[in-house]
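Trainee: quick one, structure for this:
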Amino acid sequence: MEPTPDELAGVVDLFGALSRTELRRGLAELAFKRGEEYDPDRFTGTVEAAVRSYHLVAVSPADAGVVAPTDGEVLLAGPVAFPELPDGATDLPHILDVPERDPDIEGAATAAAERFRQDAVTAIEKTDHERVRELLDISYELETWGGLDLSATRERMDAELARDR
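Mentor: As a prediction, this is how the structure comes out:
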């Protein structure tokens, strides 16, 4: 089972917010139901790639306005995701001992925007123009998702790309 980023967002969206551990455990349960390898750690790279692509956003439980017994941050379906449920995922609320959570998107968006700005600075400092281009596209989705203004960061990324021309 190799879930797509949108499927990861679908599982997270099913609960409102999940910790990385809870999400990996849910994915392992789905893999088990399919008769596949079900080690939760197998999904670590997949989850991190979805965070990097902003299919998932990772924020503190306080920023998301949720109470969660987590291993740090909670994950929410992110601004570029089109959440869809993988086969069998509708059974997860009955399998996992995780309550449904109602995250505060405004608080989460503010935290996600801060991470986005840091990602942009890192990409600019590394002159990673491919990542800068990715982040430019993500900026519009993040603005819409969170009601934010990222124009100053976008101008800085545009200026970096202009130097490359």
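
Trainee: what about the nearest residue to V74 once chain neighbours are set aside, how many neighbours?
Mentor: Spatial nearest neighbour of V74, excluding adjacent residues (CB to CB, 6 or more residues apart in numbering): A17 at 4.2 Å. (C-beta placed from N, C-alpha, C; glycine too.) When neighbours are defined as other CB atoms under 10 Å, A17 has 28 of them.

Trainee: go on, L23?
Mentor: L23: 26 surrounding residues under other CB under 10 Å.

Trainee: next one: M1
Mentor: The tally of other residues near M1 (other CB under 10 Å) stands at 20.

Trainee: swap in the one 4 residues further on?
Mentor: Burial of P5, expressed as a neighbour count using other CB under 10 Å, amounts to 23.

Trainee: for it, which residues are in contact?
Mentor: The contact partners of P5, by CB atoms under 8 Å, 6 or more residues apart in numbering, come to 49-50, 53, 55-56, 81.

Trainee: which of the residues you listed fall in strands?
Mentor: Secondary structure assignment by DSSP state E places L56 of the contacts of P5 in strands.

Trainee: out of the contacts of P5, which are buried?
Mentor: For the contacts of P5, a burial check counting by 16 or more other CB atoms under 10 Å picks out 50, 55-56, 81.

Trainee: dump the residues you listed to JSON lines, plus distance to H129 and pLDDT.
Mentor: JSON lines is the format used below for the buried ones among the contacts of P5 (distance: CB to CB, whole Å; pLDDT from 0 to 100):
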{"residue": "A50", "distance to H129": "23", "pLDDT": "98"}
{"residue": "H55", "distance to H129": "22", "pLDDT": "98"}
{"residue": "L56", "distance to H129": "24", "pLDDT": "98"}
{"residue": "A81", "distance to H129": "25", "pLDDT": "97"}
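
Trainee: the most centrally placed residue in the chain pairs with what?
Mentor: Compute the mean C-alpha point of the chain, and by CA atoms, centre = their mean the closest residue is L56, 1.1 Å away. Going by DSSP bridges, L56 is paired in beta bridges with A77.

Trainee: check the spacing between it and E160 real quick.
Mentor: To E160, L56 is 26 Å away according to CB to CB, to the nearest Å.

Trainee: tell me the pLDDT at G72?
Mentor: Note for G72: predicted pLDDT of 84.
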